[in-house]
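A.B. asks: The sequence isn't on hand, but the structure is:
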């Protein structure tokens with residue numbers, strides 16, 4: 001068995017694993033930087049003492065949001081896919097208005113330079129006014145997106161928030177999203193049972209403190225939400 005397989009399969013064998021993003025405590029070789037098809041660059045994350053953060057110019061939050069939102073995108077996913085039922089969670093913060101997120105991608109593509117690039121994927125996005133779930137599709141060489149689900153509740157900037165998403169199969173794949181005690185969910189015909197999972201920073205200065213994967217969770221009790 002290769003070192004890569006040995007290192008990665010902990011999250012597909014019924015375990016809980018937390019990756020601590022503080023300096024010296026995580027292995028970046030187990031992650032892959034992925035670009036957005038909207039921007040022609042790939043950013044890696046910058047290591048801080050107790051977290052990682054997307055690279056941003058040294059300007060005020062207001063200046064960053066007004067003039068640099070297209071320059072600060074950074075995203076990374078674990079190299080191996082995760083299988084449902086699984087829960088992905090991350091402690092994160094944003095300095096101004098938005099928009100750190102958890103990303104789920106059934107597959108990845110590549111741009112004309114061979115760089116990993118998102119195709120269809122889902123983004124579970126935290127921002128100052130709630131949580132959005134965006135479904136991205138890709139056709140004719142261009143990304144398209146729509147708002148699949150949302151929660152409207154205020155979240156404070158410059159504070160840590162624990163965002164989680166549980167993925168499981170019912171008739172369709174179901175997402176249950178939780179953040180700081182607020183919970184909502186929906187079913188999505190475009191989600192799959194296997195997916196890459198990771199984090200994305202965009203539209204501001206975003207900080208990520210840890211990332212947890214739990215697998216082999218007990219199945220949903222359909223009767224608990226009124227289904228018999």
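C.D. replies: It's in. All values reported here derive from a predicted model rather than from experimental measurement. Residues are numbered from 1 along each chain as shown.
A.B. asks: okay, now the residue nearest to residue 131 when sequence neighbours are not counted: neighbour count?
C.D. replies: Closest residue to residue 131 apart from its sequence neighbours, by CB to CB, 6 or more residues apart in numbering: residue 151 at 4.5 Å. Every C-beta, even on glycine, is put in place using the N, C-alpha and C of the backbone. By the measure other CB atoms under 10 Å, the count of residues near residue 151 is 17.
A.B. asks: Go through the one helix or strand residue 151 maps to and flag the buried ones.
C.D. replies: Assessed by DSSP states H and E, residue 151 sits inside strand 142-152. By 16 or more other CB atoms under 10 Å, the buried positions in strand 142-152 come out as 143, 148-149, 151.
A.B. asks: residue closest to the middle of this protein?
C.D. replies: Nearest to the mean C-alpha position of the chain, counting by CA atoms, centre = their mean, stands residue 102 at 1.6 Å.
A.B. asks: my guess is that residue contacts residue 166, does it?
C.D. replies: No. Residue 102 is beyond contact range of residue 166, at 11.2 Å (criterion: CB atoms under 8 Å).
A.B. asks: name the helices or strands packed onto the strand holding residue 151?
C.D. replies: strand 130-139, strand 173-179, strand 182-188 (3 or more CB pairs under 8 Å, 6 or more residues apart in numbering; DSSP states H and E).
A.B. asks: now what about the following helix or strand past that strand, what contacts it?
C.D. replies: Sequence order places strand 161-169 as the next helix or strand after strand 142-152, per DSSP H and E. For strand 161-169, contacts defined as CB atoms under 8 Å, 6 or more residues apart in numbering pick out 84-93, 100-102, 104, 124, 126, 131, 155, 173-180, 191, 193, 195, 212, 217, 219-220.
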